[in-house]
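In: got a structure for you, letters missing:
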């Protein structure tokens with residue numbers, strides 16, 4: 001079954017919602033206007049229940065099917081927040097708020113899930129319930145985790161949960177999915193180095209923490225290149241070095257900060273342990289001291305096997321088998337939908353955004369031509385997961 005005709009009929013309307021959201025970006029948990037728009041539209045569509053206030057601004061709409069013999073509930077999740085960036089797309093609907101921009105397509109995700117809500121509330125061609133989860137603060141705030149902590153699964157007995165993200169570079173009308181890790185764990189490390197400061201003209205009387213930091217940047221790369229199995233995936237990137245206050249003074253301290261991305265919990269554990277033992281001893285070899293704080297962020301986004309096969313089948317129903325890659329390359333980017341997948345089986349899928357700018361760039365824009373494909377995927381997923389007996 002291709003794109004659903006009824007959904008194609010209101011593509012323009014959904015695109016108008018999307019462009020309105022794009023023009024009014026909000027970040028982290030402060031998505032009050034966006035949540036208000038979502039709540040209002042869910043009410044207009046005739047949702048049977050609307051839950052607000054989870055994670056402050058999260059919204060969940062419940063739609064009952066024609067029957068409930070199965071007693072099952074499928075959860076569909078979209079993220080609502082933007083990024084603290086200045087937009088440079090030049091689009092007529094570009095951001096009206098300085099320093100905030102929908103640079104990851106969450107405006108499109110929200111609009112597509114609203115489109116699915118409209119269609120599902122109108123047709124109700126399924127048995128059971130669907131929970132439409134509109135989440136704040138995906139971009140670094142862990143809004144998915146907070147919604148769970150605020151009782152999402154206590155308020156709504158969700159059996160399976162599914163997510164979707166647009167993907168620049170993937171052809172329009174294509175899907176990509178894989179079993180297992182599809183998005184990486186996003187950890188951070190903070191290293192404090194203490195040496196012995198002094199005059200820059202007498203370095204022999206100092207223990208230069210900048211030299212230690214500079215050597216450490218290179219040495220850290222061996223954790224991945226020489227300690228890990230080459231068939232395992234991991235990224236260790238140093239992203240900040242801070243030291244010094246004057247050009248004629250060797251500083252006493254330096255800071256090294258970075259990120260670790262992994263697709264496997266065992267690899268994640270190994271790198272954390274290796275950093276904790278390696279960094280202090282490395283600094284000591286220079287006569288310096290070093291301490292490290294390792295902070296775990298979003299866990300690996302892990303697609304369950306059965307639900308991934310099912311999601312790929314649904315995608316093939318919508319766009320055809322030749323447009324679905326069910327072994328797509330994983331991304332080392334992170335996603336807090338991982339917290340929901342840790343609680344319930346489900347799957348996360350990529351939707352082609354065509355030849356657009358990359359995510360998190362100031363010229364990125366969601367492709368409105370992807371709307372009928374994404375909305376049809378949501379609708380078919382619910383109807384196929386919850387067939388009427």
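Out: Good, I have the coordinates. For clarity, every value in this text was computed on a predicted model and none was experimentally measured. Numbering: from 1, shown residues only.
In: residue contacts, residue 174?
Out: 319, 323-325, 351-352 (C-beta atoms under 8 Å, 6 or more residues apart in numbering). The C-beta positions use only the backbone N, C-alpha and C, and glycine is treated the same way.
In: repeat for residue 310
Out: For residue 310, the contact set (C-beta under 8 Å, 6+ apart) comprises 347, 384-385.
In: Of those - the most surrounded one?
Out: Within the contacts of residue 310, most neighbours by other C-beta atoms under 10 Å means residue 347, with 28 neighbours.
In: now the strands for the stretch 201-350 of the chain?
Out: Using DSSP state E, counting those that start in this stretch, the strands of the stretch 201-350 of the chain run over 234-243, 249-250, 253-262, 289-295, 301-303, 324-325, 346-352.
In: okay, the ones you listed in JSON lines with distance to residue 102 next?
Out: As requested, these are arranged in JSON lines below (distance: least, C-beta to C-beta, whole Å):
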{"stretch": "strand 234-243", "distance to residue 102": "24"}
{"stretch": "strand 249-250", "distance to residue 102": "45"}
{"stretch": "strand 253-262", "distance to residue 102": "23"}
{"stretch": "strand 289-295", "distance to residue 102": "27"}
{"stretch": "strand 301-303", "distance to residue 102": "21"}
{"stretch": "strand 324-325", "distance to residue 102": "26"}
{"stretch": "strand 346-352", "distance to residue 102": "16"}
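In: quick one, which of those strands is nearest to residue 152?
Out: Minimum separation from residue 152 across these (C-beta to C-beta) falls at strand 346-352, 13.5 Å.
In: And residue 130, how far from residue 62?
Out: Counting by C-beta to C-beta, to the nearest Å, the separation of residue 130 from residue 62 is 7 Å.
In: the more surrounded of the two?
Out: Legend: neighbour count by other C-beta under 10 Å for residue 130 and residue 62, higher for residue 130 (29 against 17).
In: Identify the residues contacting the more buried one.
Out: 62-63, 65, 73-76, 120, 382, 386.
In: can you list the weak-confidence ranges in this protein?
Out: Scanning the chain for pLDDT under 70 picks out 1.
In: Tell me where it has helices.
Out: Assigned by DSSP state H, the chain shows helices spanning 5-9, 11-23, 32-45, 106-123, 143-149, 152-155, 209-225, 265-284, 305-319, 337-343, 371-385.
In: wouldn't residue 18 be in contact with residue 368 here?
Out: Yes. Assessed by C-beta atoms under 8 Å, residue 18 is found in contact with residue 368 at 6.4 Å.
In: Okay, the most centrally placed residue in the chain and residue 206: tell me how far apart.
Out: By C-alpha atoms, centre = their mean, the mean C-alpha position of the chain lies nearest to residue 335, the distance being 2.6 Å. Residue 335 sits 44 Å away from residue 206, going by C-beta to C-beta.
In: Same check on residue 157?
Out: 63 Å.
In: more crowded one of the two?
Out: residue 206 (19 against 12).
In: Count the neighbours of the residue nearest to residue 197 when sequence neighbours are not counted for me.
Out: Spatial nearest neighbour of residue 197, excluding adjacent residues (C-beta to C-beta, 6 or more residues apart in numbering): residue 252 at 3.5 Å. Look at residue 252: counted by other C-beta under 10 Å, it has 18 neighbours.
In: still on that earlier bit, would you list the contacts of residue 310 in a markdown table and tack on distance to residue 182?
Out: Listed next are those as a markdown table, based on distance: C-beta to C-beta, whole Å:
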| residue | distance to residue 182 |
| --- | --- |
| 347 | 8 |
| 384 | 21 |
| 385 | 19 |
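In: what's the closest of those to residue 83?
Out: Taking C-beta to C-beta as the measure, residue 347 is the one of the contacts of residue 310 closest to residue 83, at 25.2 Å.
In: what sits against the residue nearest to residue 197?
Out: By C-beta under 8 Å, 6+ apart, the neighbours of residue 252 are 194-197, 209.
In: so what's the backbone phi/psi at it?
Out: Taking degrees, to the nearest 10, you get phi -80, psi -30 for the backbone angles of residue 252.
In: Next one: it from residue 95, what distance?
Out: As for residue 252, its distance to residue 95 is 43 Å (criterion: C-beta to C-beta).
In: Next: residue 381.
Out: Computed as C-beta to C-beta, the residue 381 to residue 95 distance reads 31 Å.
In: more crowded one of these two?
Out: It is residue 381, of residue 381 and residue 95, that has more neighbours when counted by other C-beta under 10 Å, with 27 against 21.
In: Give me the distance between the more buried one and residue 180.
Out: From residue 381 to residue 180 the distance is 20 Å (C-beta to C-beta).
In: go on, residue 223?
Out: For residue 223 relative to residue 180 (C-beta to C-beta), the value is 23 Å.
In: Next: residue 70.
Out: Counting by C-beta to C-beta - residue 70 and residue 180 are separated by 28 Å.
In: now swap in residue 6 and tell me
Out: The gap separating residue 6 from residue 180 is 35 Å, by C-beta to C-beta.
In: can you check residue 106 too?
Out: 25 Å.
In: neighbour count winner among those two?
Out: residue 106 (29 against 14).
In: do you know how far the closest residue to residue 129 other than its chain neighbours is from residue 232?
Out: The shortest distance from residue 129 to any non-neighbouring residue, by C-beta to C-beta, 6+ apart, is to residue 73 (4.3 Å). Distance from residue 73 to residue 232, counting by C-beta to C-beta: 36 Å.
In: ok, these two, which is more surrounded?
Out: It is residue 73, of residue 73 and residue 232, that has more neighbours when counted by other C-beta under 10 Å, with 21 against 14.
In: My read is that that one contacts residue 133, right?
Out: No. Using C-beta under 8 Å, residue 73 makes no contact with residue 133, being 11.1 Å away.
In: still on that earlier bit, return the residues in contact with the residue nearest to residue 129.
Out: By C-beta under 8 Å, 6+ apart, the contact list for residue 73 reads 128-131, 156-159.
In: how near is it to residue 120?
Out: Separation of residue 73 from residue 120 (C-beta to C-beta): 13 Å.
In: and what of residue 89?
Out: 31 Å.
In: for residue 260, same thing?
Out: Distance from residue 260 to residue 120, by C-beta to C-beta: 40 Å.
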